[in-house]
Structure formats: structure tokens, C-alpha cells
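Asker: Could you work out the structure for the sequence below:
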Amino acid sequence: MAKQDVRKIASPSFFHKLYGIRKPKTTYYGRDFVDYALMILLNAVVVRFSYRHSHIMSIVGFVLCGFVLITFIIRHGIELRVPVILKRPQEVLYLFIYKLQNLRPAYFIALGALLLENIAISATPNLPHHVEMMRRVAFFLFYSHFIFITAYRTAILFGHLKRRELVREILMQTPWKRVIRERTNITLEIVHAYCTGVLTHLILVAPWYLVITYSRFSIVFLPISCLVSVMIQVRWLKVFNEWLYRDHWLAHNSECEFIFLHGSHHDAIPSGLIAVAENGFLEGFLRFTLGSPVAFYNPIVSSLIYTREVRKDINLHQYIPGLFPRIPRVVMEVFQHARHHYGELEPYGLAIKTDQPDKQTNYQKLFSDFPEELRNSGRLDEELTGFKWDNASHRRTLDLWDKYQK
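Answerer: Numbers count the residues shown, from 1 in each chain. From the prediction side, this is the model:
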């Protein structure tokens, strides 16, 4: 029965359903400037709404919004045209319909558990819930998470700046050579990637910040709350790749979704500097509001998951070999997301395949902390798009690892 269910779910009629015009897109152009400027304005609105205007996170967010807008002009130029959002305003409605249709049971269970805990706290005022103490702990975990990840990203920035000519040399041997030239300001490209990552991170955790601000958590219910959160996360990871595939396919095949949600994730060089759980600026806010259940967990569990997943995503986006943090070659053999950041559309899913019986290497221990649905997530791309695991782009990527990562 399980296999039959998988075949039924893995149908293009669901995963590739599109109400608007299909327009595959992998990069920004100068003609996207007006839409991009509107997108940055929306980012500023989200930052202001989430953190309030005088908050340090808002100030940092506003500065980064201004920086990425200026770098867009420097890197792509300006061409004026009627923005997509005005030519086809129905695309905005479609965007939210797609998000709602792709919601999974884990999302509703997490939201329900959060509401139930808040109702229980209100119904038992005589119990020592210590709500304010729990809120202080939650904010401490929130800021500790953000500072730790930013410090880690900053260490990567210094490593890239120190060896910036190596960054140029390697990228010139990839499809990024259309962007990176001998006269390209490689320092600007590296700093742009860093600022892209920090701004994406700041907006991605905004839903978590709002939950901490406006929800209540009880020390009395702490054990059961944490246990329920972990159980929901285990369930979520089993369907994560299917959810990601659908959302990611839309992000590259709907022009509106690419420009306003996902495009910033591909606008910067393919380095761990950019990575925040596979999200663009606004995309992170929407995905963790209408998609992922993590923001609704007990803050202790949320902080552990956010920190683990964001750091792992940074590591698994380092597609410039020889630089910190290094992805081992053996991981690259079973992980093909680099192909996607080198300009190809497929794969759309997590693109891991540890079950490779034709190889002598035992890959089963890699990603051993992932469920089977993630360890062999590449099967979904193979089934839906005809994606071939053995492809020229993957072989060229492994050649780069052999050449530069000693």
C-alpha cells in the first residue's frame, strides 16, 4: 500500500500544477528591476511589521535591503518595464493558493498544539506557568541562534575574502563564468553573498520571533510540549522532500514566485554564505508561516532545529571547493544540489541518493540522521522529471572537487 500511495502522490498533475503562465527562470535580469525594487520594499515592510521600526533587527534589515537593491543595479543594471505584479496581479492570488494546497498535516498539528497550550495556560491561572520567564528564555534562545549563525557566516566571509582570487578562478570553470569575469569585482560578489545570507536569515526567523512575542509557553507543560514538538518534527521530515519539491518547482516555473520569493537565493554566488534553509528573502517568511511547522514548536525545540538546519544548509551550499566549510567529495557523490546552483533547473527536491548499489562505496552512513525519505530524495526528481543521476554537470562538479579540494 505504501508504494502505491507514493506513486499516486508523485504525480505531475499535483507537483507540476500551475494556474498561471509557466515561465522557467533561474536568474535575475535588468528588466526585473522594478519588480525587484517592489520585492525589497515588501521585505522592509515585513521586517518593520515583525520587529518594529526601532529594533536592532529592523535597523540591520533596512540597511541590508538598501545594500542589495544598490548591488542589483551595479550587477544587473536598470531596465524599466511594467512589473509582473501589475501585468498579472492574479499571480499573487495563485501564490497563496499554492501555499495553502501544499500544507501538510504536521503544520496543522503544530499550530493546534500551540493554540492548545495557550488555551490550557488561560484555563489554569493558579498553576506556576512562569510565562514571562519562559518568554525571556525563548528570546535568549532566539538571539543566541541568530548571533551564532551570523558569527559562523562571518567566519566563512573572511575565508572567502582572503582567497577571493581562488573564488574567481573556480567560478570561471563553472556556468557562473557568464557572471564572473576577469574585471568583475569579486569582493563585491562575496560581500553581496554574505549580505544575502544575513538578510534571508533575519526574515526567515521573523515568524518564530512573532510566535515568541505573542504566544505563551508554560514551564508546567514544558516536557509534554517538547515531546510533542519532536514527534511532529519526525513526521514533518518524512514529507519534507515532497513539500519542498512542489514549492521549489513553483519557485522556478512561476515568474512571479521566482522574482518575489526565490530569486535572491540564486542571485548570489554558489557559496555557503547565501544559505538559509534553501530560501530567498520573502520566501523564508512565507515558508515558515504557511509551510514549515518549526516556528510553532516549543522555543527550546525550535532553537535546536533552526540552528542545526541553518548551519547544515550553509555547509551543504558550499559549492566553491577548497574553501571553508568544505563539503567532502563523498558527500558530493550522493548530493546534487550543486547542479541546481550552477544554472540547471533540475533537481527540484533535496537531491540525495545514498542507495547506489552500482557503487563500491557504502553511502548508507551518510545522512544517517535523515529518514529514508530524505536519504534517497533524488528518486522523486527521477520519477517526475526524468532526471538522470549520472549526468555531465555532476561529473564536472566532481572534477572540480578532485582538482581543488585536497
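Asker: okay, which residue of the chain is out on the far edge from center?
Answerer: Computed with CA atoms, centre = their mean, the residue of the chain farthest from its C-alpha average is Asn126, at 41.9 Å.
Asker: Span of stretch 49-60 from start to end?
Answerer: One end of stretch 49-60 to the other measures 14 Å (CA to CA, to the nearest Å).
Asker: Name the surrounding residues that touch that stretch.
Answerer: With CB atoms under 8 Å, 6 or more residues apart in numbering as the test, stretch 49-60 has contacts from Val47, Arg48, Gly61, Phe146, Val198, Leu202, Ile203, Ala206, Pro207, Tyr209, Leu210, Phe285. Every residue, glycine included, has its C-beta placed from N, CA and C.
Asker: same thing but at 6 Å, please
Answerer: Applying CB atoms under 6 Å, 6 or more residues apart in numbering, the contact partners of stretch 49-60 are Val47, Leu202, Ala206, Tyr209, Leu210.
Asker: In three-state terms, label the residue nearest in space to the middle of the chain for me.
Answerer: To find the centre residue of the chain, average its C-alpha atoms and take the closest one (CA atoms, centre = their mean): that gives Glu278, at 2.2 Å. The three-state assignment at Glu278 reads coil, by DSSP: H, G, I helix; E, B strand; the rest coil.
Asker: Now for the contacts of stretch 49-60: which two are most distant?
Answerer: Of all pairs drawn from the contacts of stretch 49-60, the one with the longest distance (CB to CB) is Leu202 and Leu210, at 13.2 Å.
Asker: So for these two, which residue has more residues nearby?
Answerer: The neighbour comparison of Leu202 against Leu210 (other CB atoms under 10 Å) goes to Leu202, with 26 against 16.
Asker: which residues in the stretch 251-400 of the chain form helices?
Answerer: For the stretch 251-400 of the chain, the helices defined by DSSP state H, counting those that start in this stretch cover 255-257, 264-267, 281-287, 299-315, 329-333, 337-341, 372-375, 378-385, 392-404.
Asker: neighbouring contacts of the last one?
Answerer: Helix 392-404 is contacted from outside by Pro321, Gly322, Arg329, Met332, Gln336, Ala338, Arg339, Glu344, using CB under 6 Å, 6+ apart.
Asker: next one: the longest one
Answerer: For helix 299-315, contacts defined as CB under 6 Å, 6+ apart pick out 138, 141, 145, 149, 208, 226, 229, 272, 275-277, 294, 325.
Asker: one more time with 8 Å, if that's ok
Answerer: Around helix 299-315, the neighbours that count as contacts under CB under 8 Å, 6+ apart are 134, 137-138, 141-142, 144-145, 148-149, 152-153, 156, 197, 201, 205, 208, 212, 217, 222, 226, 229-230, 233, 272-273, 275-278, 294-295, 297, 325, 327.
Asker: Could you do the fifth one as well?
Answerer: Among residues not part of helix 329-333, those counted as contacts by CB under 8 Å, 6+ apart are Leu316, Ala338, Lys359, Thr361, Tyr363, Leu366, Thr397, Leu398, Trp401, Asp402, Gln405.
Asker: Can you turn the buried part of those residues into a PyMOL selection?
Answerer: PyMOL command restricting these to the buried ones, with burial defined by 16 or more other CB atoms under 10 Å:
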select buried, resi 316+338+363+366+397+401
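Asker: min pLDDT across the contacts of helix 329-333, which one?
Answerer: Going through the contacts of helix 329-333 one by one, the lowest pLDDT turns up at Lys359, 74.
Asker: Distance check, it against Trp389.
Answerer: Here the criterion is CB to CB, to the nearest Å. By it, Lys359 lies 11 Å from Trp389.
Asker: Which residues belonging to stretch 211-221 are considered buried?
Answerer: Burial within stretch 211-221, assessed by neighbour count using 16+ other CB under 10 Å, is assigned to Val211, Ile212, Ser215, Arg216, Phe217, Ser218, Val220, Phe221.
Asker: ok, now which ones touch Phe367?
Answerer: Contacts of Phe367 were listed using CB under 8 Å, 6+ apart, and they are Val334, Ile352, Thr354, Leu374, Arg375.
Asker: Let's see that with 10 Å instead.
Answerer: Lys312, Leu316, Val331, Val334, Phe335, Leu350, Ile352, Thr354, Leu374, Arg375, Asn376, Ser377 (CB atoms under 10 Å, 6 or more residues apart in numbering).
Asker: again with Ala295
Answerer: In this structure, Ala295 makes contact with 110-111, 114, 204-212, 215, 287-289, 302, 305-306, judged by CB under 10 Å, 6+ apart.
Asker: Can you flag the buried ones in those residues?
Answerer: Using 16+ other CB under 10 Å as the burial test, the contacts of Ala295 include 110, 114, 204-212, 215, 287-289, 302, 305-306 as buried.
Asker: tell me, how many neighbours does Val230 end up with?
Answerer: 15.
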